[in-house]
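> Here is my input, please return the structure:
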Amino acid sequence: MLHITDEVLDLGGRSLAVRWLRHELSSHEPSVQGQADRRAPLVFLHDSLGCTATWRDFPARLAELTGRDALLYDRLGHGGSGPFDRPRERDYLLHEAGEVLPAVLDACGVEGAALFGHSDGGSIALLAAAALPERVTGVIVEGAHIFNEPVTIAGVEQATSAYASTDIAARLVKYHGDKVDALYHAWTDTWTAPWFRDWSVEARLPGIQCPLLVIQGEDDEFGTLAQVRGMVDGASGPARALVLPNCGHTPTARRGRRWRKRR
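Okay, here's the model as predicted:
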């Protein structure tokens with residue numbers, strides 16, 4: 001059984017919302033839970049418009065299946081965390097991977113972590129694995145990016161138009177409150193900016209030594225399978241790809257809906 005704890009971290013005046021999913025030590029399962037307590041927890045890194053809440057029940061299900069504890073947090077500008085504390089620049093994903101994530105792990109007493117990242121969170125997970133090989137024991141990414149490409153820009157441009165013509169902003173308020181407009185523009189303005197069109201972190205991938213699983217929907221509207229090939233071929237450690245047919249940018253949400261229908 002999982003015990004849920006919500007906390008707020010103060011990282012040098014920056015407020016980050018954190019959620020722990022911990023396996024409760026049961027007298028009926030002492031050996032199993034003891035093993036779970038000693039293994040690296042799963043750390044979930046959300047997408048560009050996401051937060052802890054948008055993962056829904058997926059982290060809990062994966063924690064139960066693997067027997068590992070799980071840690072989730074909202075990046076600055078997202079969910080229950082504080083607003084952005086710096087302008088969105090070309091290195092924003094490197095900053096999250098090399099500075100913010102290690103600070104969160106330190107504050108939470110996590111020495112080693114198995115990372116699960118979606119979209120921007122997937123890119124952060126890859127960069128963290130390359131920068132922190134002694135702390136990252138394994139990585140799973142879905143819909144991650146290692147370079148900007150025309151289909152990515154086209155997808156974000158469509159999202160920009162949708163923001164202006166639909167109720168997306170209103171639907172995001174329940175997750176991000178008054179941070180929605182800044183958050184949405186931070187995403188769309190960055191990925192369509194002229195100075196971001198040649199963004200790439202491919203040169204950093206050889207630093208990934210841990211096992212890597214790359215998941216992508218065959219119909220991902222924000223990236224081609226060239227992203228997958230680049231990740232698998234670029235990593236130094238063992239790497240595998242899982243490409244899902246009839247699936248878009250968020251495979252876990254799709255699989256979760258199908259799972260609930262079958263129950």
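> ok now do the nearest residue to A131 once chain neighbours are set aside, which residues does it touch?
In space, and not counting its chain neighbours, A131 is closest to G98: 5.0 Å by Cβ to Cβ, 6 or more residues apart in numbering. In this view, the C-beta of every residue, glycine as well, is placed from N, C-alpha and C. Contact partners of G98, counting by Cβ atoms under 8 Å, 6 or more residues apart in numbering, are 127-128, 131-132.
> A strand includes G98, no?
No - using DSSP: H, G, I helix; E, B strand; the rest coil, the assignment for G98 is helix, not a strand.
> hang on, A17 is in a strand, isn't it?
Yes - the assignment for A17 (three-state DSSP) places it in a strand.
> Pop out the phi and psi values for the closest residue to it other than its chain neighbours.
Using Cβ to Cβ, 6+ apart and skipping the chain neighbours, the partner closest in space to A17 is G80 (3.4 Å). G80 has phi and psi values of phi -90, psi 0 when expressed as degrees, to the nearest 10.
> Return the residues in contact with G80.
8, 17, 51-52, 74 are the contacts of G80 under Cβ under 8 Å, 6+ apart.
> Also L21?
If a contact means Cβ under 8 Å, 6+ apart, then L21 has 2-4, 59-60, 63, 69-72 as its contacts.
> 6 Å instead?
Each residue near L21 by Cβ atoms under 6 Å, 6 or more residues apart in numbering is listed here: 2, 4, 60, 63, 70.
> for I153, same thing?
For I153, the contact set (Cβ under 6 Å, 6+ apart) comprises T192.
> Could I get the full set of strands for this protein?
Applying DSSP state E to the chain gives strands spanning 2-11, 14-23, 42-45, 70-73, 113-118, 136-142, 212-217, 239-244.
> Next, the residues that contact the first one from outside, please.
Residues lying outside strand 2-11 but in contact with it, judged by Cβ under 6 Å, 6+ apart, are 15-22, 24, 60, 103, 107.
> now the helices: where do they sit in this protein?
30-38, 58-66, 92-95, 101-107, 120-131, 150-165, 168-176, 180-191, 225-234, 251-262 (DSSP state H).
> right, so these: which one is the most enclosed?
Comparing these by mean neighbour count (mean count of other Cβ atoms under 10 Å), helix 120-131 ranks first with a mean of 27.
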